[in-house]
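> From the sequence below, what's the structure:
(chains A and B)
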Amino acid sequence: MSDLPRDTTGRWLRTAVPGSWALGGGGLALLGLVLGRADLVALGAPLLLGLALALRTTPSGRGQVAIEGLHHDGDAAVRAHLTLQPPPGTELALFRVSSPGHRHVDLVVAAAGPVEVPLCVSGVRTGRRRFFQVTHQQTSIGHRARTSSRQLGPAQLTVLPRPAELDRLPLPPRLQGLTGAHVSRRVGTGGDLHDIAPFSRGDRLRRIDWRATLRESGRGREPGTLTDLHVRRTFATADAVVNLVLDSRDDVARDRATWSGYGEVHPDDATSLDLAREAAASLAKAYLDAGDRVGFVDLGRVGRPIRPAGGRRHLQRIIHALAVSTPSGGGRPIVRPPQAPSGALLIVLSTLLDDQAANLAACWRRHGHRVLAVEVLPPLPEVPRSAGEDNLHRLIELEQADRLWDLARAGVETVRWQVTSDRSRSLATGLHLLARQRRRSA
Amino acid sequence: MTLPPPATAPARAGARARAMLARLAVTVGSGTGTTGKPLPTVGATIGRWVPVWVVTAAMLVVAVVGAAFVVQGGIGWAVVGGILAVMVRFPEGPWPGVYTLTMGVLLLVSGAEPFAGRVFALIATVHLVAVLHSVVAGLPWAARLQLRALRGPLSRFAAAQSAAQALATVGALVTGAAVTLPWLAVLAAGGLAAVAVTLHLHLAAGAGPG
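Below is the predicted model of the structure:
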């Protein structure tokens, strides 16, 4: 998952410290000798003695600097260890550690032996991200020399989205397959009673309902005469096919001022793509845990869809595909909507900042699919805004409201991905309502 | 179910234009963040530490205290203040040496008795200023200086100081015993020669850094 950088220390360069100390100490000693003042000699003596002590050790060679153990600890923090194997004669090491979305920190540590500095940055962002760029420099004993500064990193890490727990989810209008976790409308092997019918070819003997058979046989005949056998027929089970459609063309944060790409997004603010990844991962996990089949399409890379399948490894495949999805600019319009499996539920995760994803959703709906649009635009921060910014935000909200209204008219159900402190309740309200609607209509 | 009519081309173009306008407005809008949250600092664990500016301030305090032993009058303070300002502003120069020389000259000018009590204090402060300056020279003021990193320079300071203070004590005793100055000059010249030989041996043996 990570590509850890490693570097050697720089070349040793002389500093002004020995010359300065020699100037002060030697100058005073000479002055004392010339003027016959022993106290001046004593005043300069410490610098000369310190210089002599510093010159006992000579810095040489090169050391190794590395970032090791880079990992995401699952608690919105990325950790690593900055290690230094210093060259002989090193006394101090200076590190400037920076990371996107964070202010840098300067560290001066003792480096007479191996150094290990635990590093940590917070953040809820996911995807392929860069962490910990280090500028390093070493100083020799007595500061007689200093290495040239060198840069290390940044290290790259793919932070996988964490699925939230979802329980009740909407289903497609038509279930598929001969088995699964959902009750279909077909007669077959299942648990829920469909009806009681006369025994026919293909019925299993253990499905004979003797009570119903006796009740039917007793009508108008002699008691104890068996005529027609009756069986209990049940609804078959089936699985659902769900296609997740990720609109990765936008990656915008709560802070609208960063939409131009020049500002730093606060690491604790999840962007729209982070929310979309989390939503898609949560939905994929919930459906796959229920035994359904899930496919994945990235609108930024429509040429590489993941076909619907089931299982734990498929979930890992989808989560990894989500993590590596990046904004692709969105300059190229999608002329033809990606193919959707027949009878599938299509879940479009988008900011709905433009018409493209909305048009695709409406198009799929016109083709007869059940389409659910999940809006992943982060909510506005509750801070005072200027009149211009207020107008701008109102314009964006009005456009979105228009788009949602158009989607509703087209028959596309919409829900907003809610981020709450309790991750298990994310999106729960909206999806529960949609799941209930499906049941009522079925 | 009646399907809604698809959006007309002008309507789509209008919506697209509005979206572009909105994005453009955001792009040219205020550069400051609207969330108002300051960016966090990269977390690093180095044990107990002090900011470099604290050590720099300590160095300046020590330098001023040392200067107070010998400076008389405003001109002296102006000279010392100038040297300290340059020392802080241009840390890579030979300014600790210049400060030390200045302290020596001011000691001469002050007319103090050789090996008076304040001379012993001056020996310690001048040396401490040089040591602290060598540590903080060129470091960012907000840098975190691990306390353990001060152990090496301070131990060398202690070693050199103990020797220097012992030398000064011997000097005081000797001058108190009315030993003639040429003997002192011979002793000092011997010490200087020893330092010079050490320097020469290190440099001649290719011991130079790099």
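
> Could you point out the helix or strand that follows whichever strand or helix holds B:Ala78?
B:Ala78 is part of helix B:74-89 when elements are defined by DSSP states H and E. The element immediately downstream of helix B:74-89 (helix or strand, assigned by DSSP H and E) is helix B:95-110.

> list the helices and strands the top strand by length along chain A packs on?
When chain A is parsed with DSSP state E, its longest strand is strand A:182-198. Under the contact definition 3 or more Cβ pairs under 8 Å, 6 or more residues apart in numbering or on different chains; DSSP states H and E, strand A:182-198 sits against strand A:230-238. Where C-beta positions appear, they are placed from N, C-alpha and C, glycine not excepted.

> Need the residues that contact the strand it packs on.
Identification of contacts with strand A:230-238 by Cβ atoms under 8 Å, 6 or more residues apart in numbering or on different chains yields A:175-200, A:203-204, A:207-209, A:212-213, A:216.

> now do 7 Å
Here strand A:230-238 makes contact (Cβ atoms under 7 Å, 6 or more residues apart in numbering or on different chains) with A:175-177, A:179-199, A:203, A:207-209, A:212-213, A:216.

> Selecting buried members of the residues you listed in ChimeraX, what would you type?
Selection of the buried residues among these in ChimeraX, burial being defined by 16 or more other Cβ atoms under 10 Å in any protein chain shown:
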select /A:175,176,177,180,182,183,184,190,194,199,203,209,213,216
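
> sorry, back to before: the helix or strand following the longest strand of chain A - contacts with which helices or strands?
Scanning forward in sequence from strand A:182-198 by DSSP H and E, the next helix or strand is helix A:210-217. Taking 3 or more Cβ pairs under 7 Å, 6 or more residues apart in numbering or on different chains; DSSP states H and E as the contact definition, the neighbouring helices and strands of helix A:210-217 are strand A:230-238.

> Next SSE downstream of the lengthiest helix in chain A?
Counting residues, the longest helix in chain A under DSSP state H turns out to be helix A:387-410. Per DSSP H and E, the first helix or strand lying C-terminal to helix A:387-410 is strand A:413-416.

> who does that next one pair up with?
strand A:370-375 (parallel) (DSSP bridges).

> now what about the partner strand, what contacts it?
The contact list for strand A:370-375 (Cβ under 7 Å, 6+ apart) reads A:170, A:172-173, A:279, A:345-350, A:352, A:361, A:364-365, A:407, A:412-417, A:434.

> Which other helices and strands does the lengthiest helix in chain B contact?
With residue count as the measure and DSSP H as the assignment, chain B has helix B:151-176 as its longest helix. Here helix B:151-176 is seen to pack against helix A:38-54, helix B:117-136 when contacts are counted using 3+ Cβ pairs under 7 Å, 6+ apart.

> try 10 Å
Helices and strands touching helix B:151-176, as assessed by 3 or more Cβ pairs under 10 Å, 6 or more residues apart in numbering or on different chains; DSSP states H and E, comprise helix A:38-54, strand A:90-98, helix B:117-136, helix B:181-204.

> From the chain's centroid, how far away is the shortest one?
Yep, that's strand A:90-98 we're talking about. 32 Å (Cα atoms, centre = their mean, to the nearest Å).

> now stretch A:44-59: how far from the chain's centre is it?
Relative to the chain's own centre, stretch A:44-59 is displaced by 54 Å; criterion: Cα atoms, centre = their mean.

> How about that stretch and chain B, any contact?
Yes - Stretch A:44-59 comes into contact with chain B (Cβ under 10 Å from any Cβ of the partner chain), by way of A:44-59.

> Return the closest of those residues with respect to B:Pro38.
Minimum distance to B:Pro38 across the residues of stretch A:44-59 next to chain B is 39.1 Å, recorded for A:Pro59 (Cβ to Cβ).

> List the contacts of the closest residue in space to the closest one that isn't next to it in sequence.
Ranked by Cβ to Cβ, 6 or more residues apart in numbering or on different chains and with sequence neighbours excluded, the top spatial neighbour of A:Pro59 is A:Gly89, at 3.2 Å. For A:Gly89, the contact set (Cβ atoms under 10 Å, 6 or more residues apart in numbering or on different chains) comprises A:12, A:54, A:56-61, A:112, A:138-142, A:144-145, B:207, B:209.

> Turn the buried ones among those into a named PyMOL selection, would you?
The buried residues among those can be selected in PyMOL (16+ other Cβ under 10 Å) with this line:
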select buried, (chain A and resi 12+54+57+58+59+60+112+138+139+140+141+142+144+145) or (chain B and resi 207+209)
